[in-house]
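S.K.: The following comprises the amino acid sequence and a computationally predicted model.
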Number of protein chains: 2
Amino acid sequence: MQANWIDGQWRPAAEVRGDWQAVDPRSGEHFGEHFPICGWADVDAALGAAAAACAGLADAESGQVAHFLDDYATRIEGHLPQLAVIAERETGLPQTPRLLSVEGPRTVHQLRLAAAAAREDSWRDVVVDRANGIARCRQPLGKAVWCIGPNNFPLAFNGISGSDFASAIVARNPVIAKAHPGHPNTTLMLAQLAAAALQASGLPPATVQLIHHLQPEDGLRMAADTRLGAIGFTGSQRSGLALKAAADRGGALSYLELGSVNPVFVLPGAANHDGDSFSEAFLAGATLGGGQFCTNPGLLVLPQSARAQLLVQQLAERYRALPPAQLLGEAVAQGLHHAVARLCAAGAELCAGSADPFGPGFRFPWTLLSVAAERYLQQAEVLQQEAFGPLTLVVHSATADQRKAIVHGLEGQLTGTLWLASDGSDDPEAATLGQRLRPKVGRLLENKLPPGVAVSPAMHHGGPFPSSVHPGFTAVGMPAAILRFTQLACYDNVARARLPAVIAERWDHAEA
Amino acid sequence: MQANWIDGQWRPAAEVRGDWQAVDPRSGEHFGEHFPICGWADVDAALGAAAAACAGLADAESGQVAHFLDDYATRIEGHLPQLAVIAERETGLPQTPRLLSVEGPRTVHQLRLAAAAAREDSWRDVVVDRANGIARCRQPLGKAVWCIGPNNFPLAFNGISGSDFASAIVARNPVIAKAHPGHPNTTLMLAQLAAAALQASGLPPATVQLIHHLQPEDGLRMAADTRLGAIGFTGSQRSGLALKAAADRGGALSYLELGSVNPVFVLPGAANHDGDSFSEAFLAGATLGGGQFCTNPGLLVLPQSARAQLLVQQLAERYRALPPAQLLGEAVAQGLHHAVARLCAAGAELCAGSADPFGPGFRFPWTLLSVAAERYLQQAEVLQQEAFGPLTLVVHSATADQRKAIVHGLEGQLTGTLWLASDGSDDPEAATLGQRLRPKVGRLLENKLPPGVAVSPAMHHGGPFPSSVHPGFTAVGMPAAILRFTQLACYDNVARARLPAVIAERWDHAEA
């Protein structure tokens, strides 16, 4: 049975509540090491060690934190071939191009950007008011951050190597990582690399810890523990909101990235004139990663016209021609099965695909459903629920007013897309529809399909509730993502010798 | 019965669930107009009108928003004598200096700073990444903000004129205001001034609305309504956290300022050598506003020495010599009565004052209690609960380790203070104690006593849970306070003509 990594040591779980193995979703076969479902004693040990590490981590040199992140990035880069082999086996995501050329380099790049932010203290947000004798900056939460990764990015959003992890470390908070149980061997290898880099850095040993898995009740108890400062979570709405409710009791912050259907509105001019280019772009966006990104477009609103009907027929043909999507695991297959049933019960019609998973392993046909806007508007709450995976719902809207009504009834979304004709004929509707769509989405795209979550300081990967729980914070993009795990800290009449260095430097140059 | 101000009209409450009058806390007498406790129909009307106003407000010129805030500030300034008369009668706070020379000008100044932030768009936080074709800025939540004011600042923290109000308006969110029922006539006069300024501004009529009061169940229903974007609240922990739990269900953000005991640690050298200057500063900070500020120091940790004993005796004498504090209302008196009983039951001893309110009206003797550190540490959870009003608890700590333990057991605080000897003899302990205290407090003071919440961009009026519910945001200080009521908004491949002006300007100058 694999050990947890607690306070710098590989410790067998103190309490084993169960165990599990990874499953190859291509075959459905279990393989490899057994991992423990741990008990409260393990959580308690990790929280205790993290609490003891806070002060040392807060006072570490910026360069030391940066060095750890850079070193860890380099170790991941060096082990990418091995990581890709195991991650492919655990998730079904292909080594090439996905793991080796896209997600692996993204992970390394993100850790290096975090290292730069740590070195430059770009997240400190210093404001000096020397005339009033006060100054403030951002500081660590002074408590542990629990980073809980999703199933769909074993490297770039892993609880021990993703953006939440990197952001929390830059902000000098000890991280307790919990990866998705779908890829425990990948996570273990990452943890070993992190452990080596951490040991070399001289940072407190409990700066990074790993607890493989917990039963739900221990997870909620951990979320509610007053030693926890924040949770960074990417995953399902149900699990995320349950954790948040628990966290609120103890006062920990919750940053949850919960996914959305990412609506795409094709306006009449575009449907008539630019259907082919749209079609190609949509297929690329919808099918990326087997539709298993948080930002794949899942709701396609088309105008009602002969050309739009043809477009749906063409999409349906393309979907039927695709091999079934390789899913990340059994839960995705079950979710899709229920989603198709739910959508059909609410009035959608199946145009391609089915409600039934395929074998071997966990696969699902590319599935396209459609519904008229009138019906959609009656059942918007059900029909806009995310169906994670290879599934698209088309809504046929006869009028601009229907499109307005669809936007009006939208829940908060990570992204929203407008597709306009190049001849300017859609511009008037784009202006009014865009004004209404804007506050409902984190990222507004135009004539471009998501995902495309660029690792950029201008990115916003987040959105209004329920796509996330705070639309003012992004999960991707430095230094903004770091701010989630900081608190404001004001110094009032504090002697210069006891001001933190980032403030003292500015103080000397500020106007009195 | 007074009308609410809904969608630009003074409308009698559609449902009246009860009514109340203001009480003069100096005499206990009811006086003036009757105000309605409204029902759901009134809330529904206000939420509907606010939703309809969002787009117009979001698209208003920056200058128009700034003009409204400036004009409102000038109207308040012009009516300050009348406002001070009525606010004094409702709260017992003196016209001079408090209302006319301190709180009134602060309110006006704050609105003018907000106007400047609106004019300069300093809260927009624009980041352009032209190479990737993306940019982001901050935008309105696109939903109403409910501003709920406290009892202790009828002007500067009023739901219709305080920092929450001004911040939400700058961020272009319609505000539904609800002031504390302790000062409804002051609030009504403010609303009339706001209404006049709003009409002159040409902003949507539902940009500012006022609902006088609600029953608790309608308040929770309003908090949970999906048309609500955020709550700005200053008040009691119990009410605030109940509202937050409801708001979480509908997805509204909560910014709660819940008060704290604001511990003060006097180190041994200071107690022995600088006792007199400390004593004067402490009295000034503790007694300001009758001890009815969120940041009055309420927990005083002294070393155990003959000089410190003398200091407590002197403080007790001074407290006994003060006339009873004029309270804001009956609830404060009741809270104090229960607090003294609770503190004594937990082992504190009464040094001055009593558990009993005085008349006429609502007054309370200046009350000083003390407890040994050993006992405090056994009952820290009870003994660190805020007793809002003229009450101080002294803890006698024999050792530096006890002071460390007291800090270790502290809940999150708005402020924390270290008082050190001028000869440097306390510096070593200040370094270690300060390191531990820092993450527990929003503002760290040194040889200076709170309140002193300067209206400055460097201020942080907030703190870790449970003093607030997000330590990354301040309730005072522009432009940071504005950010609470914004969301990040990313534009991906959006044509320049459809970018917001704040981004388009930067776009042209950004590197491609």
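M.R.: The structure has been received and is ready for your questions. Residues are numbered from 1 along each chain as shown, chains lettered A, B, ... in the order given.
S.K.: Now do the helix or strand containing residue A:264, average pLDDT.
M.R.: Taking DSSP states H and E as the definition, residue A:264 sits inside strand A:263-266. Mean pLDDT, computed over strand A:263-266, is 98.
S.K.: list the helices and strands that strand packs on?
M.R.: Where contact means 3 or more CB pairs under 8 Å, 6 or more residues apart in numbering or on different chains; DSSP states H and E, strand A:263-266 is packed against strand A:299-303, helix A:400-408, strand A:413-419. C-beta coordinates here come from the backbone N, C-alpha and C atoms, glycine included.
S.K.: Output that strand as PDB, restricted to C-alpha atoms.
M.R.: Extracted in PDB, the C-alpha atoms of strand A:263-266 (Å, rounded to 0.1, in the frame of the first residue of the first chain):
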ATOM      1  CA  PRO A 263     -22.900  28.500 -24.900                       C
ATOM      2  CA  VAL A 264     -22.100  29.400 -28.500                       C
ATOM      3  CA  PHE A 265     -24.500  31.800 -30.300                       C
ATOM      4  CA  VAL A 266     -24.300  31.700 -34.100                       C
END
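S.K.: just checking, next helix/strand downstream of it?
M.R.: Moving toward the C-terminus from strand A:263-266, the next helix or strand (DSSP H and E) is helix A:268-273.
S.K.: And the contacts of that next one?
M.R.: A:278, A:302-303, A:305, A:307-308, A:311, A:419-423, A:425-426, A:429 (CB atoms under 8 Å, 6 or more residues apart in numbering or on different chains).
S.K.: And the next helix or strand after that helix, what's buried?
M.R.: Later in the chain than helix A:268-273, the nearest helix or strand by DSSP H and E is helix A:275-287. For helix A:275-287, the neighbour count (16 or more other CB atoms under 10 Å in any protein chain shown) marks A:275, A:278-279, A:281-283, A:285-287 as buried.
S.K.: With respect to pLDDT, which of these ranks lowest?
M.R.: Checked by pLDDT, the buried residues of helix A:275-287 have residue A:275 as the lowest-scoring entry (86).
S.K.: Can you verify my assumption that it contacts residue A:312?
M.R.: No: the pair residue A:275 and residue A:312 fails to qualify as a contact (CB atoms under 8 Å) at a distance of 10.3 Å.
S.K.: Report the residue ranges of every domain in chain A.
M.R.: Domain ranges of chain A: A:4-258+A:468-508, A:263-446, per automatic domain parsing.
S.K.: Single out the most deeply packed of those domains.
M.R.: Greatest average neighbour count among the domains of chain A goes to domain A:4-258+A:468-508 (a mean of 22), per mean count of other CB atoms under 10 Å in any protein chain shown.
S.K.: got a list of what residue A:173 touches?
M.R.: By CB under 8 Å, 6+ apart, the contact set of residue A:173 is A:54, A:57, A:140-145, A:229-230, A:485.
S.K.: ok, now residue A:483?
M.R.: Residue A:483 makes contacts with A:123, A:125, A:138, A:171, A:473, B:472, as judged by CB under 8 Å, 6+ apart.
S.K.: and with 7 Å instead?
M.R.: A:123, A:138, A:473, B:472 (CB atoms under 7 Å, 6 or more residues apart in numbering or on different chains).
S.K.: Output those residues in a markdown table; the columns should cover pLDDT, distance to residue A:34 and secondary structure.
M.R.: As requested, those are exported to a markdown table (pLDDT from 0 to 100; distance: CB to CB, whole Å; DSSP: H, G, I helix; E, B strand; the rest coil):
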| residue | pLDDT | distance to residue A:34 | secondary structure |
| --- | --- | --- | --- |
| A:123 | 96 | 39 | coil |
| A:138 | 98 | 42 | strand |
| A:473 | 98 | 37 | coil |
| B:472 | 98 | 40 | coil |
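S.K.: Could you pull out the strands in the stretch 301-450 of chain A for me?
M.R.: Secondary structure of the stretch 301-450 of chain A (DSSP state E, counting those that start in this stretch): strands at A:325-326, A:349-352, A:363-364, A:367-372, A:391-397, A:413-419, A:441-446.
S.K.: can I get those strands in CSV with mean pLDDT?
M.R.: Supplementary listing: those in CSV, determined by pLDDT from 0 to 100:
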stretch, mean pLDDT
strand A:325-326, 98
strand A:349-352, 97
strand A:363-364, 97
strand A:367-372, 98
strand A:391-397, 98
strand A:413-419, 98
strand A:441-446, 98
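S.K.: Format those strands as CSV; extra columns: distance to residue B:149.
M.R.: Compiled in CSV, the strands of the stretch 301-450 of chain A are given as follows (distance: least, CB to CB, whole Å):
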stretch, distance to residue B:149
strand A:325-326, 54
strand A:349-352, 53
strand A:363-364, 53
strand A:367-372, 46
strand A:391-397, 44
strand A:413-419, 33
strand A:441-446, 31
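S.K.: Nearest to residue A:187, out of the ones you listed?
M.R.: Closest of the strands of the stretch 301-450 of chain A to residue A:187 is strand A:325-326, at 20.2 Å (criterion: CB to CB).
S.K.: quick one: the closest one to chain centroid distance?
M.R.: Distance of strand A:325-326 from the chain centroid (CA atoms, centre = their mean, to the nearest Å) equals 20 Å.
S.K.: Next one: the residue lying closest to residue A:24 once chain neighbours are set aside from chain B, what distance?
M.R.: Distance criterion CB to CB, 6 or more residues apart in numbering or on different chains; nearest residue to residue A:24, sequence neighbours excluded, is residue A:89 at 5.3 Å. Between residue A:89 and chain B the computed distance is 33 Å (CB to the nearest CB, to the nearest Å).
S.K.: That concludes my questions; thank you for your assistance.
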